[in-house]
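**Student:** With the input below, show me the fold.
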Amino acid sequence: MNSESWNFSIDSTNESMKKQKKIEKKTLIVFSAASFLNDFGSDMITSIWPIFVTKFLGAPVAFLGFLDGLGDALVSISQAVSGVLSDKIRKRKIFIWFGYLCAALGRFGYLLAKTYSHLIPA
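**Tutor:** Below you'll find the predicted structure:
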């Protein structure tokens with residue numbers, strides 16, 4: 001093996017590493033933005049959620065507690081299941097994006113609720 005081919009090998013490896021770092025940086029920025037927007041939306045909804053459920057939809061306060069508990073349980077179960085599945089198939093991004101998609105669709109689903117019973121996931 002001559003020195004020219006060895007240098008070419010190192011140069012192509014460095015270029016490959018630079019491309020990979022650029023892709024990783026872009027992915028980090030996109031996921032950070034998605035996380036920020038998701039948290040921002042959650043914080044906005046959290047402040048008006050009790051008023052929306054009890055006053056606008058007419059639910060009893062006990063139902064609000066039931067709904068929050070049900071939501072927490074569904075999140076915990078889905079995190080456990082998606083964690084096991086992502087470990088099996090060795091892909092993480094699809095589960096992260098699916099979680100953000102479900103959160104966004106759920107928030108838009110609140111607009112469609114005419115009664116508090118519509119808030120219970122089917």
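**Student:** Dead centre of the protein: give me the residue that sits there.
**Tutor:** Geometric centre of the chain, nearest residue: Tyr100, 3.0 Å, by C-alpha atoms, centre = their mean.
**Student:** What strand or helix carries it?
**Tutor:** Applying DSSP states H and E as the criterion places Tyr100 in helix 93-112.
**Student:** So which elements touch that helix?
**Tutor:** Applying 3 or more C-beta pairs under 8 Å, 6 or more residues apart in numbering; DSSP states H and E, we find helix 93-112 packed against helix 3-51, helix 61-89. (C-beta placed from N, C-alpha, C; glycine too.)
**Student:** If we ignore the residues flanking it in sequence, what's nearest Ile96?
**Tutor:** Nearest residue to Ile96 in three dimensions, chain neighbours excluded: Phe31, at 6.9 Å (C-beta to C-beta, 6 or more residues apart in numbering).
**Student:** Is that neighbour in contact with Arg92, as I believe?
**Tutor:** No: look at Phe31 against Arg92 with C-beta atoms under 8 Å: they stay out of range, at 10.1 Å.
**Student:** list the buried ones in stretch 76-96?
**Tutor:** Ser82, Phe95 (16 or more other C-beta atoms under 10 Å).
**Student:** Correction: the previous question concerned stretch 27-47.
**Tutor:** Using 16+ other C-beta under 10 Å as the test for burial, stretch 27-47 gives Ala34.
**Student:** Same check on stretch 113-122?
**Tutor:** Buried-residue list, stretch 113-122, by 16+ other C-beta under 10 Å: Tyr116, Leu119.
**Student:** which residues of this structure score low on pLDDT?
**Tutor:** 1-12, 122 (pLDDT under 70).
**Student:** one more time with 90
**Tutor:** 1-25, 27, 38, 41-42, 45-46, 71, 92-93, 102-111, 120-122 (pLDDT under 90).
**Student:** any idea how far Thr115 lies from Phe63?
**Tutor:** As for Thr115, its distance to Phe63 is 11 Å (criterion: C-beta to C-beta, to the nearest Å).
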